[in-house]
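Enquirer: Sharing a sequence plus its predicted fold:
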Amino acid sequence: MARDTEESDGCDELLLAGEGSDDKVIRRAGAESLREHFDRLGAMLLGRVAECGWFLYERLETQIPIRLRVVYRQLPDLHSFQIRPCYAPFVLRIVSMIASATEIVHALGLGEFQVGRSHECDFPASVTALPIVTRPRFDVHGTSQEIDARVRETLAEAGSVYEVLTDLLDPLEPTHILTQTQCKVCAVSLDDVERALSQSLRSRPVVVALEPNSLADIWDDIRRVAERCGVAGRSAELVRRLQARMAEIASRVPVRAPAKAPRVASIEWQEPLMAAGNWVPELLEMLGAVNLFGAAGKHSPGMKFEDLQASDPDVILVMPCGYGLPQTRAEMHWLEDRPEWRQLRAVERGEVYLLDGNQYLNRPGPRVVESLRVLAEVLYPDQFRATLEGVGWERR
């Protein structure tokens, strides 16, 4: 604690202000004893208590996040301090700067504590009523080629493609801001948030930065959000449940000799051409497919159309980052206008599929399970009923 046991003579008072009740002295002890007292209550301290500041703990018997306002007042004898924590349930105030983090918050049962969102957070639908505290620095309307050019230009000029609206964020008084360090193009980054914090947000929030490059990272991010928001006990069950659902899907994939496994090209951007990376190769591997481009845990690489021709895949999956099915469909002319496109094996056999890269394949959160299901329905229609056709995928 800030002014520690050397100055405390055992006369500290811990007063608990309960809802609808007067302050009560519930403990008289030295500073170290107070810490032990919280431990006995099942308290999980998240950070050092400042002279006047906030800390969080979780009452394990109820799993309700609690925030205590701690104010020190020196008593007349100059050798002891009065500690007045104000007990206030449901005081987490979470602002998510990334769509997948919003989904993690809700999957952990913390949705009621989210008070703000990024311009890209849209699931579950209830979050669309929350204030938006970010915006892109460029016009997001246009072709894939135009958007790529604007992103590159904006990064070169401003160092970031997104802006945090501090004047809208500050009044929300967030206790936690969730962001990411994985990609400066895909979502608001840690750098964007740190620039906003440099303007002195009054609430001095905890910043939780996610870095989902692989499936293992997604599970770690879920644990990280749970821990920093005071509900660490919830993450293990959520991760176990998600992994079990994915294992059940993978278990239904027919066993095939390596030579007969579907050879898949996953395209994450149409112009310029880019392949899918990060967790997508892992999902394909879980389904027994051969991933032709992109590496697990690595950023999406650029590729040439000649590479696509040379590999001549059995299946082509088009899943542009940030695009739903209508936008993906509208941008297919970049591929289909090439005469060589019609000569590809997948095109001749009708094995070209458009996938919703915005809601599913490029959103590293709890719905990675649905992303695996989308791929399973496309690759193995005899084993998987098409429950997500028209929503998460369509045949071209």
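Expert: Yes, it's here. Residues are numbered from 1 along each chain as shown.
Enquirer: What ranges does this structure have for its helices?
Expert: Using DSSP state H, the helices of the chain run over residues 31-40, 99-107, 144-158, 166-169, 190-197, 215-228, 232-251, 280-286, 305-311, 325-330, 333-336, 345-348, 368-379.
Enquirer: Looking at these, which is nearest to L130?
Expert: Ranking these by their distance to L130 (criterion: CB to CB) puts helix 99-107 first, at 9.0 Å. Glycine gets a C-beta too; all of them are placed from N, C-alpha and C.
Enquirer: what sits up against that closest one?
Expert: 94, 96, 111, 113-114, 117-118, 120-124, 127, 178-180, 187, 208, 210, 212, 221-222, 225, 229, 238, 363-367 (CB atoms under 8 Å, 6 or more residues apart in numbering).
Enquirer: In strands, which of those residues appear?
Expert: I94, S96, Q114, R117, L178, T179, Q180, V208, L210 (DSSP state E).
Enquirer: wait, which of these is closest to L165?
Expert: Using CB to CB, the ones in strands among the contacts of helix 99-107 come closest to L165 at R117, 11.7 Å.
Enquirer: In contact with the spatially closest residue to the closest one that is not a sequence neighbour: list those residues for me.
Expert: Nearest residue to R117 in three dimensions, chain neighbours excluded: L130, at 4.7 Å (CB to CB, 6 or more residues apart in numbering). By CB under 8 Å, 6+ apart, the contact list for L130 reads Q114, V115, G116, R117, C121.
Enquirer: ok, now L375?
Expert: L283, L284, L287, A289, L317, L355 are the contacts of L375 under CB under 8 Å, 6+ apart.
Enquirer: Over to P254?
Expert: G288, Y380, Q383.
Enquirer: Neighbours of the last one, how many?
Expert: A count of neighbours around Q383, defined by other CB atoms under 10 Å, yields 12.
Enquirer: Setting aside sequence neighbours, what's the nearest residue to it?
Expert: Using CB to CB, 6+ apart, the nearest residue to Q383 is R252, at 5.2 Å.
Enquirer: May I ask you to confirm that Y380 is in contact with L287?
Expert: Yes. Counting by CB atoms under 8 Å, L287 is a contact partner of Y380 at 7.4 Å.
Enquirer: sorry, back to before: now for the ones in strands among the contacts of helix 99-107: which two are most distant?
Expert: Between any two of the ones in strands among the contacts of helix 99-107 (CB to CB), the greatest distance is 16.2 Å, for Q114 and Q180.
Enquirer: For the spatially closest residue to Q343 that is not a sequence neighbour, give me its contacts.
Expert: Distances taken as CB to CB, 6+ apart place Q309 nearest to Q343, at 7.9 Å, with adjacent residues excluded. Q309 is in contact with E340, Q343, L344, counting by CB under 8 Å, 6+ apart.
Enquirer: before we move on, what about D221?
Expert: S100, A101, I104, L210, E211, P212, P364.
Enquirer: most surrounded residue in those residues?
Expert: A101 leads the contacts of D221 on contacts (other CB under 10 Å) with 31 neighbours.
Enquirer: Which pLDDT value goes with that one?
Expert: At A101, the model reports a pLDDT of 96.
Enquirer: do L16 as well
Expert: pLDDT, L16: 34.
Enquirer: Apart from its neighbours in sequence, what residue is nearest Y380?
Expert: V253 (6.1 Å).
Enquirer: just checking, T175 touches L110?
Expert: No. Contact status for T175 versus L110: not in contact, 11.4 Å apart, counting by CB under 8 Å.
Enquirer: For these two, list the residues in contact with both.
Expert: With CB under 8 Å, 6+ apart, T175 and L110 have common neighbours L92, I94.
Enquirer: Looking at the contacts of Q309, which one is closest to W393?
Expert: L344 (18.9 Å).
Enquirer: Restrict the contacts of L130 to the buried ones and give me that as a PyMOL selection.
Expert: Buried residues within these, by 16 or more other CB atoms under 10 Å, are selected in PyMOL with:
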select buried, resi 114+115+116+117+121
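Enquirer: Can you lay out the contacts of L130 as a markdown table showing pLDDT?
Expert: A markdown table is the format used below for the contacts of L130 (pLDDT from 0 to 100):
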| residue | pLDDT |
| --- | --- |
| Q114 | 95 |
| V115 | 95 |
| G116 | 96 |
| R117 | 96 |
| C121 | 96 |
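Enquirer: Closest one to A276 out of the contacts of Q309, please.
Expert: For the contacts of Q309, the nearest to A276 is L344 (17.5 Å; CB to CB).
Enquirer: Can you report how many residues neighbour that closest one?
Expert: The tally of other residues near L344 (other CB under 10 Å) stands at 21.
Enquirer: now P258
Expert: 7.
Enquirer: pLDDT at it, what is it?
Expert: What the model reports as pLDDT for P258 is 78.
Enquirer: give the contact list for the nearest residue to it once chain neighbours are set aside.
Expert: Spatially, and ignoring its direct neighbours in sequence, P258 is nearest to V290 (7.8 Å; CB to CB, 6+ apart). V290 sits next to P258, A261, P262, R263, V264, L284 when contact means CB under 8 Å, 6+ apart.
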